[in-house]
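Q: need a structure here:
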Amino acid sequence: MPLIQVTAKQDALTNRERDDLMSRVSNAVLKSEGAPIEDAGAQSLVWAYYNELPASSIYVGGEALQDPPLRIDVTTPAGALNDTARTTLAADIGMIVDEIVGQFDGRLNQWTMLYELDEGSWSGNGQVFRLADIQAAMSIPASQH
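A: Have a look, this model is predicted:
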């Protein structure tokens, strides 16, 4: 049950590039959690937001950049990712961004922030969702819990 939030400069990507980025990052997160990508239940629990900001509102080193890096925040329940999965996910997202945005000369083209919510801190529709229940809903095999 990941939550993905991408922040980018307005018009940094075409609609097709944005759709490709969000789909591929969503699938990379599912893969890192051990969920089957083709599972409709797992796909329905990947929520992703693409947020655009005016170029003049994104700063690096105190200066507004013409082509600022993307910021990609991935929030998962605590325990959904182990250290190997986090490392692989960061590498996968880096590769996806490189392929869609291209590498920036002498600086990063993206920041990826991996956040975890403590057990009992993920809720919606008036109820708390526990990691084991989320993993079951996403068809993640019990051997990976």
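Q: find the nearest non-adjacent residue to Pro54, please.
A: Nearest residue to Pro54 in three dimensions, chain neighbours excluded: Gln10, at 5.6 Å (C-beta to C-beta, 6 or more residues apart in numbering). Using the backbone N, CA and C atoms, a C-beta is placed for each residue, glycine as well.
Q: swap in Asp39?
A: Ser139 (4.6 Å).
Q: quick check: that neighbour touching Gly41?
A: Yes - Ser139 is in contact with Gly41 according to C-beta atoms under 8 Å; the separation is 5.9 Å.
Q: circling back: count of residues packed around the residue nearest to Pro54?
A: Using other C-beta atoms under 10 Å, Gln10 has 13 neighbouring residues.
Q: any chance you could map the strands in this protein?
A: Using DSSP state E, the strands found in the chain span residues 3-9, 47-53, 59-60, 63-64, 70-77, 110-117, 123-124, 127-128.
Q: of all these, which lies closest to Thr88?
A: Closest of those to Thr88 is strand 110-117, at 11.4 Å (criterion: C-beta to C-beta).
Q: residues of that closest one that come out buried?
A: Of all the residues in strand 110-117, those buried under the rule 16 or more other C-beta atoms under 10 Å are Gln110, Thr112, Leu114, Glu116, Leu117.
Q: likewise for stretch 114-133?
A: Leu114, Glu116, Leu117, Trp122, Phe129, Leu131.
Q: how near is the closest residue to the fifth one other than its chain neighbours to Pro36?
A: The spatially closest residue to Phe129, leaving aside those adjacent along the chain, is Trp122, at 4.8 Å (C-beta to C-beta, 6+ apart). As defined by C-beta to C-beta, to the nearest Å, Trp122 lies at a distance of 21 Å from Pro36.
Q: go on, Glu63?
A: Here Glu63 is placed at a distance of 44 Å from Pro36 (C-beta to C-beta).
Q: more neighbours, the two?
A: Taking neighbours as other C-beta under 10 Å, Glu63 and Pro36 compare with Pro36 leading, 15 against 9.
Q: check what pLDDT that one gets.
A: Looking at Pro36, its pLDDT stands at 93.
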